[in-house]
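A.B. asks: below: sequence and its predicted model.
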Amino acid sequence: MDTALQELADRGIKHAMDSGAQYCDIRAEEQEKKSAHIENKEIENVRTLSDSGLGIRLIKEGVWGFCSITNPKSFDQIKEKINGAIKNSSHTTQNKKTVDQYSCETKNIKINYPVIKKPSIDELISVGLECSKIILETPRIIKSVISPWYTTNSKYFANSEGSKIEQNFTDVVTDMIAIAHEAGITQAINVTEGGRGGLEQITNEDKIQLKSKEIAQKASELIFAKSAKEEMGTVVMNPDFVSLLTHEILGHPSEADRVLGKEMAWAGGSWWKGEIGKKIGSDNLNVFDDPTIKESLGWYYFDDEGVETKKTKLVENGILINHMQNRETAKIFNTVPTGNMRATNYRFMPLIRMACTCIGNGDRKPDEIIKEVKNGYLISNMKIPSIDMKRYNWSISCQYAQKIEDGEITDLLRDVIVMGTAPEFFESIDACGNDFTVRPITNCGKGDPMQSMIMGNGGPTIRGNATVKSVN
């Protein structure tokens with residue numbers, strides 16, 4: 001982190017407090033992103049994007065104010081921004097409730113997240129070209145798309161209470177698509193791999209190469225797959241599909257601002273408002289959010305309002321016990337903040353966001369869970385969600401499914417969508433596997449203006465009841 005940017009942040013806090021603010025925090029951030037796009041072994045583009053600036057939050061007369069500035073050149077620019085934010089807060093004092101924040105311990109710390117193998121764009125391109133070649137060697141594959149990227153990030157948080165927290169980390173991610181076509185039928189399989197760390201996040205144990213071969217083979221096989229008839233039945237969901245399911249119908253409704261209705265106008269609310277302490281699922285359903293899961297894209301030690309992170313239980317044995325909280329909502333719910341306040345970058349006001357929300361691990365072997373199914377479906381890999389505003393009715397398409405008959409996996413099925421209502425599905429969960437897995441999510445949207453966020457989501461193989469059909 002540029003020390004000059006840190007100094008500007010510290011001076012900005014002093015100016016805000018001298019100008020009558022009751023509270024102020026400033027996030028100084030620097031990021032560099034390098035990316036490439038490869039189609040059919042051809043490099044389409046290589047890009048480098050650099051960004052730095054300050055995000056300034058303050059409370060004046062009990063009301064939030066916010067402003068941001070990109071690449072500030074002088075302290076006078078920052079003073080002008082802060083003065084504008086204070087003025088805007090004063091204008092809205094009559095129309096808003098007074099902010100009351102949970103009191104948190106101050107911290108003075110610098111954290112460098114581990115990078116075992118420092119990434120470079122040349123190495124990412126080399127790996128990407130190798131994966132493109134692997135995909136194209138598979139029969140019926142007509143196109144491969146590989147998009148590797150990495151970011152180096154430095155974040156400095158300071159507030160008027162005395163906290164000064166610096167976090168430096170690197171993220172490495174690769175998105176891959178394999179597209180097959182024959183006899184007028186086109187099928188595609190995609191995967192995202194990566195995490196917080198270095199090049200090892202995608203290259204250890206030939207991870208990305210093996211995944212490229214896997215998605216190509218599956219896309220090719222889907223050309224001859226069957227369609228599923230519509231029926232309500234037993235579904236066994238693999239961890240990748242469970243990751244998106246958890247994200248959509250467990251993670252989002254657990255965000256306290258949604259529960260309070262503050263997101264209703266643009267991102268939706270939560271059907272379990274007022275359900276704390278009530279049974280919302282079977283005894284097999286345990287859900288948590290954990291920003292301390294190392295190497296996940298949702299791994300961090302302090303959130304964007306300086307709260308130290310920890311594992312938070314959201315659902316325990318089917319009982320809803322908590323939401324994800326910031327310092328303000330924690331006072332409303334008479335609990336503690338959970339370290340989930342995050343912004344895409346300094347340009348945005350932080351919101352309550354998932355870090356790494358997961359269904360907890362079980363003790364069953366996935367093969368045993370499948371063998372107990374007389375007639376059902378194995379649902380594999382996330383695709384596209386469609387969820388109502390309160391996260392009650394849901395439908396999520398999978399990349400492929402397989403029929404289960406008398407405990408055996410039989411026909412491969414394509415274009416499959418899984419549907420249900422949240423409470424009925426949660427209550428039907430009767431088995432959780434011991435194969436807990438965290439998957440990267442790179443495009444979660446929330447807020448107005450919209451903020452896109454990266455995070456982790458995960459879980460094991462789970463079994464429950466839902467409606468399955470193919471949509472051609």
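C.D. replies: Nice, thanks for sending it over. Numbers count the residues shown, from 1 in each chain.
A.B. asks: CA atoms only for the helix or strand encompassing Ile82 - export them in CSV, please.
C.D. replies: Per DSSP states H and E, Ile82 falls inside helix 75-92. Output in CSV follows, covering the C-alpha atoms of helix 75-92 (Å, rounded to 0.1, in the frame of the first residue of the first chain):
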residue,chain,number,x,y,z
PHE,A,75,-5.7,16.7,0.4
ASP,A,76,-7.8,19.6,-0.8
GLN,A,77,-9.7,17.2,-3.1
ILE,A,78,-10.4,14.9,-0.2
LYS,A,79,-11.6,17.8,2.0
GLU,A,80,-14.0,18.9,-0.7
LYS,A,81,-15.4,15.4,-1.0
ILE,A,82,-15.8,15.1,2.8
ASN,A,83,-17.4,18.5,3.1
GLY,A,84,-20.0,17.5,0.4
ALA,A,85,-20.8,14.3,2.3
ILE,A,86,-21.3,16.1,5.5
LYS,A,87,-23.6,18.6,3.8
ASN,A,88,-25.6,15.8,2.2
SER,A,89,-26.0,14.1,5.6
SER,A,90,-27.4,17.3,7.1
HIS,A,91,-30.0,17.6,4.3
THR,A,92,-31.4,14.2,5.0
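A.B. asks: any buried residues in that helix, and which?
C.D. replies: 78, 81-82, 85-86, 89 (16 or more other CB atoms under 10 Å). (Glycine included, C-beta is placed from N, CA and C.)
A.B. asks: before we move on, what about stretch 10-24?
C.D. replies: Buried residues in stretch 10-24 (16+ other CB under 10 Å): 12-13, 15-16, 19, 21-24.
A.B. asks: identify the farthest-apart pair in these.
C.D. replies: Gly12 and Gln22 (15.5 Å; CB to CB).
A.B. asks: is the closest residue to Ser160 other than its chain neighbours within a helix or a strand, and which one?
C.D. replies: Closest residue to Ser160 in three dimensions, ignoring its sequence neighbours and counting by CB to CB, 6 or more residues apart in numbering: Cys24, at 4.7 Å. Assigned by DSSP H and E, Cys24 belongs to strand 23-39.
A.B. asks: adjacent strands (with direction) for the helix or strand just after that strand?
C.D. replies: Next in sequence after strand 23-39, counting helices and strands by DSSP H and E, comes strand 42-60. Using DSSP bridges, the strands paired with strand 42-60 are strand 23-39 (antiparallel), strand 63-70 (antiparallel).
A.B. asks: in the longest one, what counts as buried?
C.D. replies: Along strand 23-39, the positions that meet the burial threshold by neighbour count (16+ other CB under 10 Å) are 23-31, 34-38.
A.B. asks: now swap in stretch 354-374 and tell me
C.D. replies: So for stretch 354-374, counting by 16+ other CB under 10 Å, buried means 354-362, 364, 366, 369-370, 373.
A.B. asks: identify the farthest-apart pair in those.
C.D. replies: Maximum distance among those (CB to CB): 33.2 Å, for Ala355 and Val373.
A.B. asks: assign Val127 to helix, strand or coil.
C.D. replies: Assigned state for Val127: helix (three-state reduction, DSSP: H, G, I helix; E, B strand; the rest coil).
A.B. asks: hang on, the earlier thing: can I get the buried residues of stretch 354-374 in TSV with distance to Thr344, secondary structure and pLDDT?
C.D. replies: TSV is the format used below for the buried residues of stretch 354-374 (distance: CB to CB, whole Å; DSSP: H, G, I helix; E, B strand; the rest coil; pLDDT from 0 to 100):
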residue	distance to Thr344	secondary structure	pLDDT
Met354	13	coil	98
Ala355	14	coil	98
Cys356	17	strand	98
Thr357	18	strand	98
Cys358	22	strand	98
Ile359	26	strand	98
Gly360	28	coil	98
Asn361	30	coil	97
Gly362	34	coil	97
Arg364	38	strand	97
Pro366	35	helix	98
Ile369	38	helix	98
Ile370	40	helix	98
Val373	41	coil	98
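A.B. asks: and those as CSV, adding distance to Ser103?
C.D. replies: Output for those, formatted as CSV (distance: CB to CB, whole Å):
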residue, distance to Ser103
Met354, 25
Ala355, 22
Cys356, 26
Thr357, 26
Cys358, 29
Ile359, 33
Gly360, 31
Asn361, 35
Gly362, 38
Arg364, 43
Pro366, 45
Ile369, 46
Ile370, 50
Val373, 51
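A.B. asks: wait, what's in contact with Thr151?
C.D. replies: Thr151 is in contact with 31-34, 170-171, counting by CB atoms under 8 Å, 6 or more residues apart in numbering.
A.B. asks: repeat the analysis, applying 6 Å as the threshold.
C.D. replies: Thr151 makes contact with 31, 33, 171 under the criterion CB atoms under 6 Å, 6 or more residues apart in numbering.
A.B. asks: pretty sure the second one contacts Leu49?
C.D. replies: Looking back up the chat, that one is Lys33. Yes. Counting by CB atoms under 6 Å, Leu49 is a contact partner of Lys33 at 4.6 Å.
A.B. asks: quick revisit: tell me the bridge partners for the residue nearest to Ser160.
C.D. replies: Leu58.
A.B. asks: show me where the stretch 151-300 of the chain has strands.
C.D. replies: With strands called from DSSP state E, counting those that start in this stretch, the stretch 151-300 of the chain shows them at 164-182, 185-196, 231-237, 287-289.
A.B. asks: who does whichever helix or strand comes after the shortest one pair up with?
C.D. replies: Moving toward the C-terminus from strand 287-289, the next helix or strand (DSSP H and E) is strand 312-316. The strands that strand 312-316 pairs with in its sheet are strand 287-289 (antiparallel), strand 319-320 (antiparallel) (by DSSP bridges).
A.B. asks: what mean pLDDT does the last one have?
C.D. replies: When you say that, I think you mean strand 319-320. The average pLDDT within strand 319-320 is 98.
A.B. asks: quick one: Ala330 is in a helix?
C.D. replies: Yes. Assessed with three-state DSSP, Ala330 lies in a helix.
A.B. asks: before we move on, the earlier item: I'd like to know which elements whichever helix or strand comes after the helix holding Ile82 is packed against.
C.D. replies: Using DSSP H and E, the helix or strand that follows helix 75-92 in sequence is strand 108-112. Here strand 108-112 touches strand 164-182, going by 3 or more CB pairs under 6 Å, 6 or more residues apart in numbering; DSSP states H and E.
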